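*Asks:* Here you go, sequence then predicted model.
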There are 2 protein chains.
Amino acid sequence: MGATKTEHFTDKQNAIATLAKALGHPARVAIIEYLMKVDTCICGDIVNELPLAQPTVSQHLKELKTAGLIKGEIEGNSICYCINEKAIEKLQNYFAGISSKLTNKKTNCC
Amino acid sequence: MGATKTEHFTDKQNAIATLAKALGHPARVAIIEYLMKVDTCICGDIVNELPLAQPTVSQHLKELKTAGLIKGEIEGNSICYCINEKAIEKLQNYFAGISSKLTNKKTNCC
DNA sequence: AAACTATATCGTAATATTGCAATATTAAAT
DNA sequence: ATTTAATATTGCAATATTACGATATAGTTT
């Protein structure tokens, strides 16, 4: 026990969960917000922006990349990370869909 | 170490992370989708809808409630759980904000 | 080539999450 | 009051996450 039973859920459910999980840590939210703030992708000072040690930041970046929320490429001795717009769109569309279905609901007991 | 350093991040960042984390598990995504599908809040058979044991489902429901994604009240010997629209709205607005800022960006190197 | 700079990986400790059997709680039904 | 039905809590094992020091890697600069 202890491992998530991903095989019992749909691909879409797992996909949303993966994206949501990646944003389930304030440091990773902060990274996304920083990438949004700077208007270029060459952002070699993410480490200095966060209150965490360099290996920890590197790890969070890796998780964001694995989840597909950011794209990154090697650029000399620094790294170019960007937000993956498609991932953000997926999340936005998902929640927009829930919202619109909720407003169409007949009853709202709670 | 091992505990998230929430105190180093802004309230808004922590709030988004909390909501995202709650949806960071496919079972909890499935629960939200089920609550959306049924048009009433009296949904006493969430357990039968999920491929997990009853205590596990109960735990996931608790996490969703703690995070503020669902509201629930005792209704006789069953429970009335509903999606908290405000929480979904928060997420939707957040990602919509990121999306619109991204499209306004000058450069998109990656 | 050697020094410098920036990011990644390894190893490990502390903590959190996931899942479920057993049990408790709570209210309705008989 | 006892049974029934549904959800919650407890306790625990397996696994995952978080964080960082030490070290490795890779490119740039001198």
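*Replies:* Sure thing, it's come through.
*Asks:* OK, contacts around the closest residue to residue A:18 other than its chain neighbours?
*Replies:* Nearest residue to residue A:18 in three dimensions, chain neighbours excluded: residue A:67, at 5.3 Å (CB to CB, 6 or more residues apart in numbering or on different chains). C-beta coordinates here come from the backbone N, C-alpha and C atoms, glycine included. Applying CB atoms under 8 Å, 6 or more residues apart in numbering or on different chains, we find residue A:67 in contact with A:18-19, A:21-22, A:87.
*Asks:* Now the two most distant members of those.
*Replies:* Spatial extent of the contacts of residue A:67 (CB to CB) is set by the pair A:21 and A:87 at 12.3 Å.
*Asks:* coming back round to it: DNA strand C versus the residue nearest to residue A:18, what's the distance?
*Replies:* Distance, residue A:67 to DNA strand C, using CB to the nearest atom of the strand, to the nearest Å: 14 Å.
*Asks:* same question, residue A:93
*Replies:* From residue A:93 to DNA strand C the distance is 23 Å (CB to the nearest atom of the strand).
*Asks:* pLDDT of the one helix or strand that residue maps to, averaged?
*Replies:* Using DSSP states H and E, residue A:93 falls within helix A:85-103. Computed over helix A:85-103, the mean pLDDT rounds to 93.
*Asks:* Just the element for residue A:79, please.
*Replies:* With DSSP H and E as criterion, residue A:79 is part of strand A:78-83.
*Asks:* so how far is that strand off the chain centroid?
*Replies:* Centroid separation for strand A:78-83 versus its chain: 14 Å, with CA atoms, centre = their mean, to the nearest Å.
*Asks:* Next, see if it gets close to DNA strand D.
*Replies:* No - Strand A:78-83 lies apart from DNA strand D when judged by CB under 7 Å from any atom of the strand; the minimum separation is 8.0 Å.
*Asks:* do the same with stretch A:3-11
*Replies:* Yes - using CB under 7 Å from any atom of the strand, we find that stretch A:3-11 touches DNA strand D at A:3-4.
*Asks:* Would you indicate which residues of that stretch are buried?
*Replies:* For stretch A:3-11, the buried set under the neighbour-count rule, 16 or more other CB atoms under 10 Å in any protein chain shown, comprises residue A:9.
*Asks:* avg pLDDT for it?
*Replies:* Per-residue scores along stretch A:3-11 average to 87.
*Asks:* I'd assumed residue B:98 was in contact with residue A:95.
*Replies:* No - with contact defined as CB atoms under 8 Å, residue A:95 does not reach residue B:98; the gap is 12.0 Å.
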